[in-house]
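Trainee: build the 3D model from these lines:
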Amino acid sequence: MRAVEGLSFQVGRGEVVAIVGESGSGKSVSALAIMRLLPRLTGHTRGRITFDGRNLLELDDEEMREIRGRDISMIFQEPMTSLNPLLTIGLQITEPLTIHMGMDDAQARARAIELLQLVGIPDADGRLDQYPHQFSGGMRQRVMIAIGLACNPKLIIADEPTTALDVTIQAQILELMKDLSRKLNIALIIITHNLGVVARYADRVIVMYAARMAEQGPAEAVFHRPRHPYSMGLLRSVPRLDRPRGAKLETIEGLVPNLASAPPGCRFAPRCPFRIEICDVEPPLFPTDTGGVSRCHRHAEIAAGSIAWAASGTGKQQIDAQRSEPLLSVRNLTKHFPVRAKLGRKKTVVRAVEDVSFSIYPGETLGLVGESGCGKTTVGRLILRLEQPTSGEIAFEGTNLLTASPSEMQTIRRKIQVIFQDPYSSLNPRMTVEQIIGEPLGVYKLVADRRAAQERVGQLLGQVGLRPELGERYPHQLSGGQRQRVGIARALAMEPSFIVCDEAVSALDVSIQGQIINLLEDLQQRLGLAYLFIAHDLAVVRHISMRVVVMYFGRIMEITDRDTIYREPLHPYTKILLDAAPVPDPTVEKARAPRLIHGELPSHLAPPTGCVFNTRCPLASQECREVIPPLEEKRPGHYAACIKV
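Mentor: Below you'll find the model as predicted:
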């Protein structure tokens, strides 16, 4: 199977090049080939990879080891699988500093603390002695970025560096990386599906599809004047904060072809609305009028405006939530984790969730947003009874989950499902995809026999945009986006009435993201499903949610309906979140600078007095430092925890 074919590109010193495309298009394989990290027995790389005048494919292992980590660093897509679970964070950050930079232990630790502060991790000195499992997904991603920046490399390859990051930290870290790129002449390759990030930071864009380059050109040209149908389809699939919400997301129908038996001719032809007879012949890379290249026979017609995507239809609006009785009711939910502080080994508590209350009605989607470490995932885990609350109440269909018997919980667990944030760590590596999805079907006796189970698994894989033959593979044989879709299929298998979606679409490329969001909305229409949609992509939350809850440092800052919170936010934190979110349009992004959040990020071991946001709030006064503001109804149906509003 040819995972990448005929790919050629250059990256200059101080240049930012973005590689975009659907999951499985060859983006990460290209990066691993540059790093010489492909499996020896199966990963055969041909061609030339010239770095700083040397062909990396001709170097021996020792020479490559000297370059890797020092001159070329890589920020990997899945931090949980890239960080060693048996070693402390501090040891993993200081290791390249002692090996490549020759620092002693004290110098390396001081540099490690500096790096953690640089990427926005509070209490850096204390957290160096913790392990990866003690960090949230976004915090682990920041640790990976700190390791990547440690030795001031000449080339940084960032593979989905912002997938697990909230918009404020995402803006902060990408601004840092771009500044370093400019000041130190660091070449930067960003592999991402976040087109807002591409619009804000990239100088050039490479669009890949099915192992080949589909288009390459200056960022502004690719966004405003794309010359390949696939690029056009990707851009129309993205929900945007600066435009009204449509009834349904536009998507690219169909699936990426199986590269083990790739179709002849243009590989996008089976999904392309502009396919003609000449598309059966493989297209070369044509020079375009925008100064780039396009692998499309009809690029001149696209440039002339004679062909364009048609709207796929408005679809159905979201159903109105039934307001009679809430499906899920959370009241005064609190969760404290006991920890031992470093100094004197004194026992203290981390207040992960503090006095959180909300309700979700049948057929409703409640969006939950906030920065990494604010308690979003902990709230989801408490609802699922994967963690025991310190205090509070959780009621589902009138049953108190905290006092429910084991038999009651077994019945309830089928109705409450979850799509986890990290697909790799939530899938059993010893089971095939078919076994993973089929196991709960057998446990709850939802299918009559093995044949029926196989048919049902095939249907579920098709629903989430995967080919049935992928059922024979193991999780490590899938891309990150494909693994996330397997997690979604497993949750849907139980036909639940409520799903906790913890960053359910963050690892997906935009076309599949659109398909999954439309799928979740269609299932909501048909089955009356309710969702708790935890995410940091504000545009996606705006599209799918009916109401939005904004959390910060364990507390709720604001609650109101979707349109109001984006049109008239009340809390200063909500306003900063919205300002920091990138828009997939280079013209818009160049006209505005991202509003970076300033002030000291508080430590969970020593939380601030008064309002938890006062250390970073531009409106904070002495009263804000003394009084904890209650969550009050400031307007009809609009709640905010701020004494300045």
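Trainee: point out where this structure drops to low pLDDT.
Mentor: 164, 246-247, 311-324, 340-346, 507, 593-596, 599-601 (pLDDT under 70).
Trainee: go with 50
Mentor: The chain contains residues with pLDDT under 50 at 313-317, 319, 343.
Trainee: show residues contacting the helix or strand where Gln515 lies.
Mentor: For Gln515, the host element (DSSP states H and E) is helix 510-527. Helix 510-527 is contacted from outside by 22-23, 193, 195, 233-234, 237-239, 248-252, 315-316, 318-319, 363, 365, 463-465, 481, 485, 488, 492, 495, 497, 501, 504-505, 508, 529-531, 540, 543-544, using Cβ atoms under 8 Å, 6 or more residues apart in numbering. For every residue, glycine as well, the C-beta is placed using N, CA and C.
Trainee: CA atoms of the helix or strand following that helix as CSV?
Mentor: Using DSSP H and E, the helix or strand that follows helix 510-527 towards the C-terminus is strand 530-534. What follows is strand 530-534, C-alpha atoms only, in CSV (Å, rounded to 0.1, in the frame of the first residue of the first chain):
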residue,chain,number,x,y,z
ALA,A,530,-29.8,14.3,24.1
TYR,A,531,-26.1,15.3,24.1
LEU,A,532,-23.6,16.9,26.5
PHE,A,533,-21.2,18.3,23.9
ILE,A,534,-17.9,19.0,25.5
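Trainee: any idea how far strand 530-534 is from the chain center?
Mentor: Offset of strand 530-534 from its chain centre (Cα atoms, centre = their mean, to the nearest Å): 16 Å.
Trainee: listing partners with orientation, what would you give for it?
Mentor: Partner strands and pairing direction for strand 530-534 (DSSP bridges) are strand 365-369 (parallel), strand 498-502 (parallel).
Trainee: from the chain's centroid, how far away is stretch 436-448?
Mentor: For stretch 436-448, the distance to the chain centre is 29 Å (Cα atoms, centre = their mean).
Trainee: give the buried residues for it.
Mentor: The neighbour-count criterion (16 or more other Cβ atoms under 10 Å) identifies Ile436, Ile437, Gly438, Pro440, Leu441, Leu446, Val447 as the buried residues of stretch 436-448.
Trainee: save those as TSV, and put in secondary structure and distance to Phe613 too.
Mentor: Shown next, in TSV, are the buried residues of stretch 436-448 (DSSP: H, G, I helix; E, B strand; the rest coil; distance: Cβ to Cβ, whole Å):
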residue	secondary structure	distance to Phe613
Ile436	helix	41
Ile437	helix	42
Gly438	helix	46
Pro440	helix	41
Leu441	helix	45
Leu446	coil	46
Val447	coil	50
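Trainee: and which of those residues is nearest to Arg48?
Mentor: Nearest to Arg48 out of these is Ile436 (Cβ to Cβ; 40.1 Å).
Trainee: contacting residues around the closest one?
Mentor: The contact partners of Ile436, taken as Cβ under 8 Å, 6+ apart, are Leu427, Asn428, Pro475, Val486, Arg490.
Trainee: list buried residues within the residues you listed.
Mentor: Using 16+ other Cβ under 10 Å, the buried members of the contacts of Ile436 are Leu427, Pro475, Val486, Arg490.
Trainee: just the ones of these in helices?
Mentor: Among those, DSSP state H puts Val486, Arg490 in helices.
Trainee: now the helices for the stretch 501-645 of the chain?
Mentor: All helices of the stretch 501-645 of the chain, identified by DSSP state H, counting those that start in this stretch, fall at 510-527, 538-544, 562-567, 572-580, 586-591.
Trainee: also the stretch 101-250 of the chain?
Mentor: Going by DSSP H, counting those that start in this stretch, the stretch 101-250 of the chain shows helices at 105-118, 124-127, 137-149, 167-183, 195-201, 219-224, 229-236.
Trainee: so can I have JSON lines of those showing mean neighbour count?
Mentor: Converted to JSON lines, the helices of the stretch 101-250 of the chain look like this (neighbours: other Cβ atoms under 10 Å):
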{"stretch": "helix 105-118", "mean neighbour count": "17"}
{"stretch": "helix 124-127", "mean neighbour count": "18"}
{"stretch": "helix 137-149", "mean neighbour count": "25"}
{"stretch": "helix 167-183", "mean neighbour count": "20"}
{"stretch": "helix 195-201", "mean neighbour count": "24"}
{"stretch": "helix 219-224", "mean neighbour count": "20"}
{"stretch": "helix 229-236", "mean neighbour count": "24"}
